[in-house]
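Novice: sequence and predicted structure, then a few things I'm wondering about:
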Amino acid sequence: MLDEYIIFKFLSLVIVWFIPALLILATFAFMISIPVFSLGGLLFKIHDAFWVRLKGNIQATSRRIKATCSVDTDCPEGFVCLSGYCVPEDQLSIGKR
């Protein structure tokens, strides 16, 4: 009889105090994790967009000859005069798509 009473008392304490405490802690942990994950996702998108844009700018400027031109004859072979810069012909076909 005493053993059953002790087991019952232990289970009632677990049900009344421990499980609700875990649920409350889990709720607070979830509430804290939402802004942390959203802020992390936003920072990742900003970081990713910065590097994609930087990489695109580096590729665009590295494929462009810095010499200014006024007509296509001012540019070397395989390049076309566009907005005062000598640009590769294959870059023009990419822009027209």
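Specialist: Looks like it came in fine. Numbers count the residues shown, from 1 in each chain.
Novice: element containing the spatially closest residue to residue 74 that is not a sequence neighbour, please.
Specialist: Nearest non-adjacent residue to residue 74, counting by C-beta to C-beta, 6 or more residues apart in numbering: residue 81, 6.1 Å away. The C-beta positions use only the backbone N, C-alpha and C, and glycine is treated the same way. According to DSSP states H and E, residue 81 maps onto strand 79-82.
Novice: which of the residues in that strand are buried?
Specialist: The neighbour-count check on strand 79-82 (16 or more other C-beta atoms under 10 Å) flags 79, 81, 82 as buried.
Novice: from these, which is closest to residue 51?
Specialist: Closest approach to residue 51 among the buried residues of strand 79-82 (C-beta to C-beta): residue 82, at 26.3 Å.
Novice: mind listing what that closest one touches?
Specialist: Shown in contact with residue 82 (C-beta atoms under 8 Å, 6 or more residues apart in numbering): residue 92.
Novice: does it have beta-bridge partners, and which?
Specialist: Per DSSP bridges, residues listed as beta-bridge partners of residue 82: residue 85.
Novice: so residue 87, which state does it fall into?
Specialist: Following DSSP: H, G, I helix; E, B strand; the rest coil, residue 87 is assigned to strand.
Novice: that one touches residue 80, doesn't it?
Specialist: Yes: judged on C-beta atoms under 8 Å, residue 87 makes contact with residue 80 at a distance of 5.8 Å.
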